[in-house]
Structures are given as structure tokens and as C-alpha cells.
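Participant: Just need the structure, nothing else, for what follows:
(2 chains)
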Amino acid sequence: MAELLGTFEQIVLLAVLGLDEEAYGRAVLRAVQTASGDDRSISAGAVYATLDRVEAKGLLSSRIEEGTPSRGGRARRFYRLTLTGASALSEARRALERMWQGKPWPLEVSS
Amino acid sequence: MKRIAPPYLLDCLLLFLLSPRDRETVSGDLYEEFLEVKLPELGQFRARLWYTRQVLSFVPGRAVAVILQGPALRCLCFCTALAGCWLGMMDLLLRHPGFGSQIVIAATIVSQALLTLAALRFDRYGGLRAFAIIGSLTLLWIAGSALKATFSGAQFEGYVLLIALALIIQAILTLLTLLRARVLGGKSA
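Facilitator: This is a model prediction of the structure:
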């Protein structure tokens, strides 16, 4: 079985998937911060490091596009989920669903 | 009207912290977010605080990159190789009782340093990496024995302590670097 994705890697990949053609670094950062519910808890360093890592694993591909005046003409890097990335996400979801099967929700834990 | 920009020094720090590949794109993203969202939402002071926090969040990643991929480990290997040569030469010259085993240890230290350098340089050869990992475990054992002997012996030898500590750091860094490269499938992060 392939290595399962970490929770944060899954969040970043899902953000890229959700943004589709608009998935460049800043948009991914905002999507991840919005998903976390507290934009102070997730830093840019963590998101960009994860983007670099999952790209190195072949789960994302990227392309560079020219920058706009609003960003001082600096280029933008757009990300796209690869086939490997899609299957890794699917496998992570299947594994979680298997683990959750038969468990009551909301969880009831006796103290 | 004068346009408010992120602090210049922080911009320079950000460019230093980022890899050449990400330098333009990531700094552009943060610049855009600062100007378009944070400045109108938070005001100048808090927007700059936000920018500072984002820039500082790249420090741990950069530190790991310098330690695990940069010159730090190579430099350490070079130093321990020199220390190993020096130990071997001293043993050959002085010929204390049991000097044969000391020369074997010195040769192991030099070989392991060269092996690690080779594994870092030619990372496509998985065999080299495996040997370097085994060698690092051997180094840990040698350094541990040397430390034990140093602290239990009647005569405290400072240079042995220094070399043993350098070997332990080298072995741990080698293990972290090579195992990390293995997890990433040989690609750099």
C-alpha cells in the first residue's frame, strides 16, 4: 500500500483541487486558512513547505505565469493535482472511511 | 500619495529565506496579500505585524534546509575525516599497546565521512545511501564507547570528547538527511 497522506497534506491538496484553475500560492494559502477557521493559526511557511513537499512527491505539478502590477510584477506559480495526487487523496479518504465505519457519531467517550 | 509597502528589511530577509525557485512567486503572493487584503483590513501597523509573522514562518524550513541539504553536514564530514587522519597518524607514530584497533577506528571514521560525502553527492545510488546509514550507526557506537571510556577513565581527554561529539552530530545529521531523502524518493524538498 502506498504511503498515506498526512492531514495537512490532504488539506493542501483539497484546497488545490477546489481552486481548480485559480490554484496559485496565495489562493491556496487563503483557502487553507479559511478551512482552518482561524487564519492566524496557519502560517505561509507551513503551507508553502507542504506545497513544495507534495510537488516533490509528484502529487502536484506547477506552472509559472507572469505577475500582475498588484504584486509588483512578480510571477505566480499555479498548482494542479496530478493523477498520482488524485489517487493518493482517494486512498486516504477510503482508509479513513474504513476506519470510521461502525463508529457512532458524534463520538461518545466515557471519561 | 505614497504607497505603503512591506518593510524593506523584512523583504530582504524573506528573499534570503526562500529558495531561488520560490523567491519571486512566494514574495509576490505575500506582497499581494499585504496590499490587497491585510492593509485595508488591519491597518498599517497590524498588516506589518502580519507580514513579519509570515516572513518568520519561513525560518524553520530554511534552517532545516541549511542543516540537512546545505554545507553544514559536508563541512562536519570534512572535519571528522581530518580528525580521523590525525588520530590514525598519531597512533602509527606513538604505537601504544593496542594501537591496531585504534587505527581501525580512525580508518572507520575517515571512511564514513567519505561515504557520507559520496552518498550526498551521488544520491541516485541507493547502495551508497544504505552503506552510509549502516556506517552512521557504527559511528554512533564508536562515539558512545569513546564517551563512556572518557568519563570512566582516570584521565579526561578533551580531544576525544570533542571528536566523539562531532561524530555523534555527524551520524545523526547523516541519518536524518538520508532517511529524509529516502522518504521523498530521492528528490529534494
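Participant: Quick check: the gap between A:Ala92 and chain B.
Facilitator: Separation of A:Ala92 from chain B (Cβ to the nearest Cβ, to the nearest Å) stands at 17 Å. In short, each C-beta sits where N, CA and C put it, glycine included.
Participant: Likewise for A:Ser70?
Facilitator: A:Ser70 is 6 Å from chain B, by Cβ to the nearest Cβ.
Participant: Phi, psi for that residue please.
Facilitator: phi -70, psi -20 (degrees, to the nearest 10).
Participant: Settle this for me: it is touching B:Glu36, isn't it.
Facilitator: Yes: A:Ser70 is within contact range of B:Glu36, at 6.2 Å (criterion: Cβ atoms under 8 Å).
Participant: A:Arg103: neighbouring residues, count only.
Facilitator: Quick fix: residue A:103 is Lys, not Arg. 8 (other Cβ atoms under 10 Å in any protein chain shown).
Participant: And the residue nearest to the spatial centre of chain B, how far from A:Gly37?
Facilitator: Closest to where the C-alpha atoms of chain B average out (Cα atoms, centre = their mean) is B:Ile67, at 2.3 Å. From B:Ile67 across to A:Gly37, the span is 33 Å (Cβ to Cβ, to the nearest Å).
Participant: Likewise for A:Gly58?
Facilitator: A:Gly58 is 30 Å from A:Gly37, by Cβ to Cβ.
Participant: okay, now B:Val110: neighbour count?
Facilitator: B:Val110 has 20 nearby residues by other Cβ under 10 Å.
Participant: show me the residues around it that make contact.
Facilitator: Residues counted as contacts of B:Val110 (Cβ atoms under 8 Å, 6 or more residues apart in numbering or on different chains) are B:Ala81, B:Gly84, B:Cys85, B:Gly88.
Participant: in what helix or strand does the last one lie?
Facilitator: B:Gly88 is located in helix B:71-94, with elements delineated by DSSP states H and E.
Participant: average pLDDT across that helix?
Facilitator: Helix B:71-94 shows a mean pLDDT of 86.
Participant: Show me where chain B dips below the pLDDT cut-off.
Facilitator: B:1-3, B:68-70, B:123-125, B:154-156, B:181-189 (pLDDT under 70).
Participant: Spell out which parts of it neighbour chain A.
Facilitator: B:22, B:24-33, B:35-36, B:53-54, B:56-61, B:184-185, B:187-189 (Cβ under 8 Å from any Cβ of the partner chain).
Participant: Domain ranges for chain B, per the record?
Facilitator: B:8-57, B:69-183 (automatic domain parsing).
Participant: can you list these in a markdown table and add distance to A:Arg53?
Facilitator: Shown next, in a markdown table, are those (distance: least, Cβ to Cβ, whole Å):
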| stretch | distance to A:Arg53 |
| --- | --- |
| domain B:8-57 | 12 |
| domain B:69-183 | 10 |
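Participant: Return the distance of the closest residue to B:Phe99 other than its chain neighbours relative to B:Val110.
Facilitator: Spatial nearest neighbour of B:Phe99, chain neighbours left out: B:Asp91 (4.6 Å); criterion: Cβ to Cβ, 6 or more residues apart in numbering or on different chains. B:Asp91 sits 13 Å away from B:Val110, going by Cβ to Cβ.
Participant: Identify the residue spatially nearest to A:Gly58, adjacent ones excluded.
Facilitator: Nearest one to A:Gly58, counting by Cβ to Cβ, 6+ apart, is A:Thr84 at 5.0 Å.
Participant: OK, contacts around the one you found?
Facilitator: So A:Thr84 contacts A:Lys57, A:Gly58, A:Leu59 (Cβ under 8 Å, 6+ apart).
Participant: ok, 10 Å please
Facilitator: The neighbourhood of A:Thr84, defined by Cβ atoms under 10 Å, 6 or more residues apart in numbering or on different chains, consists of A:Ala2, A:Val54, A:Lys57, A:Gly58, A:Leu59, A:Leu60, A:Ser61.
Participant: Among these, name the buried ones.
Facilitator: A:Val54, A:Lys57, A:Leu59, A:Leu60 (16 or more other Cβ atoms under 10 Å in any protein chain shown).
Participant: and which of those residues is nearest to B:Gln170?
Facilitator: Distance to B:Gln170, by Cβ to Cβ, is smallest for A:Lys57 among the buried ones among the contacts of A:Thr84, at 27.7 Å.
Participant: before we move on, the earlier item: mind listing what the residue nearest to B:Phe99 touches?
Facilitator: So B:Asp91 contacts B:Gly98, B:Phe99, B:Gly100, B:Ser101, B:Gln102, B:Ile103, B:Val104, B:Ile105, B:Ala106 (Cβ under 10 Å, 6+ apart).
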